[in-house]
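1. Sharing a sequence plus its predicted fold:
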Amino acid sequence: MNIIRDMCSEPQKVRLPEIVKYVILRVMRTIFLIDLLARICFIQIFLIQGNRKGTHFDITTLLFGDEKLAYYFSKLVYSGDPKIRFLGKTTYSNIPHIITDTKADIVLVRTHTVFSGFLSRKGFLILPMIRQTQDISGSWDAFLARLSRGRRRDIRAIEKLGYTYDITREPKRFSFFYYKMYLPYILKRHSGSAKPSSFLALKKCLRHGGLLFVKLDREYVSGLLYSIYNNGMQNICSGVYEGRDEYFAKGAVQAARYFLIRWSKQQGYKEIDHGLSDPFMKGGVFTYKRGWGTKAKLNKDIIRSTVYALRVCNFGNAVREFLADNPFIFVDSENLRGLIFLNSESPTEGKLKRLYRLHYTPGLSDLIIISYSPNNTSRSVFKVASGDRVLRKYSLIEGIPDSLDFLTKLAPNMCVNIYLIDANASL
């Protein structure tokens with residue numbers, strides 16, 4: 001029984017061949033088995049209460065996951081020191097009952113992807129971890145054109161400071177990277193929410209990759225662990241020497257990423273996998289990688305795949321502010337879609353264009369923009385836009401995507417406009 005529970009939580013740590021774990025997880029995802037597993041697998045419960053960051057609105061979050069997630073989410077959403085209460089453990093099948101009893105404003109679950117289908121049937125939107133990859137084929141000028149202004153400034157600063165780099169595959173250098181760069185950096189940057197990978201887990205990546213060390217004035221200031229797959233490189237993790245702020249401020253982390261890209265192009269590789277990011281489009285990690293011209297992809301590695309599941313329980317002020325501040329990517333029939341919520345605002349054409357430029361990431365099928373209009377007395381509409389043209393209109397009830405039907409269930413009389421801007425829009 002324990003091995004089954006481990007397969008539903010951290011299958012990467014189960015000592016079975018990869019192909020065996022893959023088959024087991026695929027079978028587990030069937031409706032019959034996952035409903036059974038939901039009755040025997042447990043997850044921790046936390047209740048977070050306090051004021052929304054930047055507002056005077058109280059908001060209550062019911063969170064299913066672990067203590068580090070509760071800490072991370074409290075810093076992301078709340079001001080000051082919100083009250084975090086551990087409520088014990090419950091089975092997945094009991095989650096709907098806990099929600100009813102708690103009367104939370106929003107519910108967030110973080111779990112293995114094996115429970116995605118189960119949670120989706122319970123009214124949750126599934127927000128997958130996003131794999132961000134970068135096309136480095138083609139000319140250097142074409143590569144630079146895909147970067148954000150901020151990343152181009154970083155490259156100019158890196159070249160001006162005179163950074164250099166070394167590539168090595170010597171196993172004895174890994175201890176220096178892990179203990180002097182990776183651990184100090186991740187523990188300092190992520191504090192209470194840090195989840196550092198183990199020494200042995202990362203060292204395995206060295207078998208199919210190597211280490212890139214960045215030097216400034218002959219001193220090692222940062223490093224990066226990479227692995228090689230097919231025609232590409234995967235950026236596994238980075239570190240800064242002793243976690244020093246002065247090296248971070250001088251762009252040492254950016255330098256490691258930049259040199260990996262440059263070296264990979266010289267070796268003839270076509271793609272760099274920059275790893276996984278949370279699905280929140282304003283998140284620092286996601287936006288940073290997006291600035292390097294990355295493409296969003298659904299993580300297909302079922303063994304090492306986690307998801308967030310989000311459910312809103314009302315559309316009060318606090319919930320609307322939360323949605324407005326945290327646009328996110330969710331999965332809908334294998335498609336990645338971006339969701340942006342505007343609170344008490346009817347967007348102009350110019351506003352829609354700015355939102356598209358700010359948040360659209362290659363790999364998303366479209367952006368859905370929900371505009372809450374409390375003073376709009378006309379019937380709500382669903383607008384599908386391509387470029388700057390509205391192609392067709394539907395009533396909210398008839399045209400809303402199935403994955404967003406919680407809108408009509410929670411607030412059937414709420415006045416909203418919903419814009420869908422597809423991936424081919426020329427905004």
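-> Cool, got the structure.

2. can you map out the strands along the stretch 251-400 of the chain?
-> 271-277, 295-298, 306-312, 328-332, 335-342, 366-372, 381-386, 389-395 (DSSP state E, counting those that start in this stretch).

3. among those, which is nearest L358?
-> L358 lies closest to strand 335-342 among these, at 9.1 Å (Cβ to Cβ). Where C-beta positions appear, they are placed from N, C-alpha and C, glycine not excepted.

4. Regarding the protein, what is its longest helix?
-> helix 252-266 (DSSP state H).

5. quick one: contacts of that one?
-> 134, 136, 140, 143, 151, 154-155, 158, 161, 163, 165, 167, 185, 212, 214, 216, 221-224, 226, 232-233, 235, 238, 240-241, 272, 274, 292 (Cβ atoms under 8 Å, 6 or more residues apart in numbering).

6. coming back round to it: out of the strands of the stretch 251-400 of the chain, the one nearest L119 is which?
-> Comparing the strands of the stretch 251-400 of the chain by Cβ to Cβ, strand 306-312 comes nearest, at 4.2 Å.

7. If we go by neighbour counts, what in that closest one is buried?
-> For strand 306-312, the neighbour count (16 or more other Cβ atoms under 10 Å) marks T306, V307, Y308, A309, L310, R311, V312 as buried.

8. Quick check: buried residues in the helix or strand hosting R156?
-> Taking DSSP states H and E as the criterion, the element that holds R156 is helix 149-161. The neighbour-count check on helix 149-161 (16+ other Cβ under 10 Å) flags R151, D154, I155, I158 as buried.

9. Next, find the distance separating the nearest residue to I136 once chain neighbours are set aside from G251.
-> Excluding its sequence neighbours, the residue lying closest to I136 (Cβ to Cβ, 6 or more residues apart in numbering) is K265, at 5.2 Å. As judged by Cβ to Cβ, to the nearest Å, K265 and G251 stand 20 Å apart.

10. Of the two, give the one with the bigger neighbour count.
-> More neighbours surround G251 than the other of K265 and G251, with 22 against 18 (other Cβ atoms under 10 Å).

11. What values do phi and psi take at that one?
-> phi 80, psi 30 (degrees, to the nearest 10).

12. Please report the confidence value the model assigns to it.
-> Predicted confidence (pLDDT) for G251: 89.

13. Next: S175.
-> pLDDT, S175: 93.

14. Over to D332?
-> pLDDT, D332: 87.

15. Make CSV from the buried residues of strand 306-312 and add pLDDT and distance to T91 to it.
-> Putting the buried residues of strand 306-312 into CSV (pLDDT from 0 to 100; distance: Cβ to Cβ, whole Å) gives the following:
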residue, pLDDT, distance to T91
T306, 88, 19
V307, 92, 18
Y308, 94, 19
A309, 94, 15
L310, 94, 20
R311, 92, 17
V312, 90, 23
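
16. Quick check: the two most widely separated of the residues you listed?
-> T306 and V312 (20.8 Å).

17. and this protein, what are its domains?
-> 42-127+305-422, 131-298 (automatic domain parsing).

18. start to end distance for the shortest one?
-> I take that to be domain 131-298. 6 Å (Cα to Cα, to the nearest Å).

19. Ok, the first one next?
-> With Cα to Cα applied, domain 42-127+305-422 spans 39 Å between its terminal residues.

20. Can you give the distance of that domain from its chain's centre?
-> 14 Å (Cα atoms, centre = their mean, to the nearest Å).
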